[in-house]
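S.K.: Build me a structure from this.
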Amino acid sequence: QVQLVESGGGLVQAGGSLRLSCAASGRTFSRYAMGWFRQAPGKEREFVAAITRNGGSTYYVDSVKDRFTISRDNAKNTVYLQMNSLEPEDTAVYYCAATYSTSYSRAHAYNFWGQGTQVTVSS
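M.R.: Below you'll find the model as predicted:
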């Protein structure tokens, strides 16, 4: 069992930056690949980024490539999402999730989810 707690969301102007953090409980954090998803009002949950267990590989949805960076610190049981050049279209609740699977972009492949943190980008 893994418990995930996101933080770092907030209100930012377009062009600004935010850094989301996701702290995991337990001693098995390094066994999981980690992902970030987001859900805007009236829309389906969308894959944003993922990172493999050792941090050696990362994956992104095209709309955030070159703007967002996912990273992890296994010693701190934490995964991060650095978001730069934010756009109003990035407004959503952001969720972190943990998976044993290699289907990184598929929400149903994730075993554990955080409660989400709101990111609002004003124009």
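S.K.: Show me the contact partners of stretch 92-109.
M.R.: 2, 4, 6, 9, 20, 22, 24, 29, 31-40, 43, 45-48, 50, 59, 61, 79, 81, 110-119 (C-beta atoms under 8 Å, 6 or more residues apart in numbering). Bear in mind the C-beta positions are built from the backbone N, C-alpha and C, glycine included.
S.K.: chain center to it, what's the gap?
M.R.: Chain-centre distance of stretch 92-109: 8 Å, with C-alpha atoms, centre = their mean, to the nearest Å.
S.K.: Go through it and flag the buried ones.
M.R.: For stretch 92-109, the neighbour count (16 or more other C-beta atoms under 10 Å) marks 92-99, 104, 107, 109 as buried.
S.K.: any idea which helix or strand carries the residue most central in space within the chain?
M.R.: With distances taken as C-alpha atoms, centre = their mean, the residue of the chain nearest its centroid is Trp36 (2.3 Å). In this assignment (DSSP states H and E), Trp36 forms part of strand 33-39.
S.K.: How much space separates the residue nearest to the centre of the chain from Gly16?
M.R.: Per C-beta to C-beta, to the nearest Å, Trp36 is found 18 Å from Gly16.
S.K.: With Lys65 instead?
M.R.: 18 Å.
S.K.: what do you get for Glu89?
M.R.: In terms of C-beta to C-beta, Glu89 sits 14 Å off from Gly16.
S.K.: can you check Ala24 too?
M.R.: For Ala24, the distance to Gly16 - C-beta to C-beta - is 27 Å.
S.K.: where does Gln1 land on pLDDT?
M.R.: We note a pLDDT of 82 for Gln1 in this prediction.
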